[in-house]
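Participant: only geometry, no sequence info:
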């Protein structure tokens, strides 16, 4: 019998939920336009819905009129961006995920201690740009083990490492182990930088992959954590595809598949999963079973003035 095996947990993490709420409440409280630097989260559906409500997304703070409202995305920004925003007298609302802020603080701590920083992550990703910007002269970005040898550092170099929060847990552990083997004076963060939600979603995909003939991950093409979930399923030996939207599902992916595993990245709203399940039902996959590996109850508080009842006189 054809069936869907639905992974849990999946979808929105606490940082994404907080960031989206910040934009929504800023629009309710301040009215439009509210400017958002970069995509608030990496999902076009979310961005489109917020645009309909009056949010204006820009690539740079320099595009925002002086004195305008500027929301920093969940991925964080560098000190240089903050300085630029201050110079333009922007009303800044910071939607940076608290777990990303933690990595920024660690980068500053290592830099103050005189340590060079190996930042494990994807070059060009907004989170990496923001974190590296905390100590640009001391930070080197590597994406995989092969790039470690290209650093040309003394084995006794006073070194530290940090990681992008949305990476594959397995891949990151391999890079960190390689660093430990090569450098005698290496320090890392007090706790793992990989976000709890990233880890939980990867574990859930690992749990459904062996029982699935194909795994579909709902998420945007530019979503790091969604792409890592696809890779996790593939490394488990299961065919896997990223599905930005139900309309992107290629029926040929399902050839010979009795069980279809489904999950979604941390920036994908549940409505997109529901649309995919409807499409799968039309293709004969009407039985849906949920496989839960853990429960989540993490929440991050909003800025105090946004917690107040909408309609008050509070402001940033």
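Facilitator: Yep, that arrived. Keep in mind that what you see is a predicted model, and the values were worked out from it rather than measured.
Participant: Please count neighbours and contacts with C-alpha atoms only from this point.
Facilitator: OK.
Participant: Would you confirm that residue 286 contacts residue 258?
Facilitator: No - Residue 286 lies out of contact with residue 258 (Cα atoms under 8 Å); the separation is 11.3 Å.
Participant: Name the residues contacting each of those two.
Facilitator: 2, 3 (Cα atoms under 8 Å, 6 or more residues apart in numbering).
Participant: can you pull the contacts of the nearest residue to residue 292 once chain neighbours are set aside?
Facilitator: Of all residues not flanking residue 292 in the chain, residue 8 sits nearest, at 4.4 Å (Cα to Cα, 6 or more residues apart in numbering). Residue 8 is in contact with 201, 204, 263, 290, 291, 292, 293, 294, 295, counting by Cα under 8 Å, 6+ apart.
Participant: Tell me what the third one is bridged to.
Facilitator: If I follow you right, that is residue 263. Taking DSSP bridges, one obtains residue 217 as the residues bridged to residue 263.
Participant: Which residue ranges of the stretch 151-300 of the chain form helices?
Facilitator: Secondary structure of the stretch 151-300 of the chain (DSSP state H, counting those that start in this stretch): helices at 169-182, 196-208, 224-235, 270-282.
Participant: Dump those into JSON lines; add mean neighbour count as well.
Facilitator: Below are the helices of the stretch 151-300 of the chain laid out as JSON lines (neighbours: other Cα atoms under 10 Å):
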{"stretch": "helix 169-182", "mean neighbour count": "16"}
{"stretch": "helix 196-208", "mean neighbour count": "23"}
{"stretch": "helix 224-235", "mean neighbour count": "24"}
{"stretch": "helix 270-282", "mean neighbour count": "17"}
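Participant: Relative to residue 54, which of the ones you listed is closest?
Facilitator: helix 270-282 (20.9 Å; Cα to Cα).
Participant: So, low pLDDT: which residues of the chain?
Facilitator: Along the chain, segments meeting pLDDT under 70 span 308-316.
Participant: hmm, try it at 90
Facilitator: Scanning the chain with the threshold set as pLDDT under 90 gives 149, 168-171, 190-193, 304-316.
Participant: what does the domain assignment say about it?
Facilitator: What automatic domain parsing lists as the domains of the chain is 3-12+196-292, 14-97+300-307, 99-187.
Participant: Looking at those domains, which one is packed in the most?
Facilitator: Sort these by mean neighbour count, taking mean count of other Cα atoms under 10 Å, and domain 3-12+196-292 sits at the top with a mean of 21.
Participant: Strands of the chain, start to end?
Facilitator: Taking DSSP state E, the strands of the chain run over residues 3-8, 34-37, 55-58, 69-72, 91-94, 116-120, 139-142, 159-163, 186-187, 214-218, 239-243, 259-264, 287-292.
Participant: Format these as a markdown table; extra columns: distance to residue 271.
Facilitator: Formatted as a markdown table, those follow (distance: least, Cα to Cα, whole Å):
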| stretch | distance to residue 271 |
| --- | --- |
| strand 3-8 | 14 |
| strand 34-37 | 23 |
| strand 55-58 | 20 |
| strand 69-72 | 25 |
| strand 91-94 | 26 |
| strand 116-120 | 32 |
| strand 139-142 | 35 |
| strand 159-163 | 30 |
| strand 186-187 | 42 |
| strand 214-218 | 10 |
| strand 239-243 | 13 |
| strand 259-264 | 11 |
| strand 287-292 | 16 |
